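1. what follows is a predicted protein model with its sequence.
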Amino acid sequence: DREDVKNFKMTAPEIGGFRGWLNYFGVVSKVSPIPKDMKFGEVPEGVLWVGGTFVIKGDEVLYQWSDKVPGNHPDIREFVNIAKAAAA
């Protein structure tokens, strides 16, 4: 929810100073799918996607976690316990 996102503190990774950031943006610009008709200032849809974690057994979803922001993740112990139980 919005409160979780507001309270999330994201920091920039250490990637080698200014030169590292130039390299990063150079690579990202080459591999990012940017539509030809996109206007300056618009955000590509793919940038807004974040990940998720699932445990599925057959056709049943036993566990679903949707990341709220990049870097957000589920409680790993809970996820592993559910996955182990599903595998048993």
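-> Looks like it came in fine. Here the structure is a predicted model, which is why all the values come from computation and not from measurement. Numbering: from 1, shown residues only.

2. CA atoms for contacts and neighbours, from now on please.
-> Noted.

3. do a quick rundown of the helices in the chain.
-> With helices called from DSSP state H, the chain shows them at 2-7, 17-31, 76-87.

4. can you point out the buried residues in the last one?
-> Right, the one you point to is helix 76-87. 79, 82-83 (16 or more other CA atoms under 10 Å).

5. which residues of this protein score low on pLDDT?
-> 1-2, 5 (pLDDT under 70).

6. now distance to residue 55 too, for the helices of the chain, in TSV please.
-> Formatted as TSV, the helices of the chain follow (distance: least, CA to CA, whole Å):
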stretch	distance to residue 55
helix 2-7	23
helix 17-31	30
helix 76-87	6
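
7. out of those, nearest to residue 58?
-> helix 76-87 (10.0 Å; CA to CA).

8. what does the closest one rub up against?
-> Contacts to helix 76-87, defined as CA atoms under 8 Å, 6 or more residues apart in numbering, come from residues 55, 57, 62-63.

9. which of these has the most neighbours?
-> Top of the contacts of helix 76-87 by neighbour number is residue 55, holding 18 neighbours under the definition other CA atoms under 10 Å.

10. isn't that residue up against residue 62?
-> Yes. Judged on CA atoms under 8 Å, residue 55 makes contact with residue 62 at a distance of 5.4 Å.

11. number of residues surrounding residue 44?
-> 14.

12. count the neighbours of the closest residue to it other than its chain neighbours for me.
-> Ranked by CA to CA, 6 or more residues apart in numbering and with sequence neighbours excluded, the top spatial neighbour of residue 44 is residue 34, at 6.3 Å. Residue 34: 13 surrounding residues under other CA under 10 Å.

13. now residue 16
-> Per other CA under 10 Å, the neighbour tally for residue 16 reads 11.
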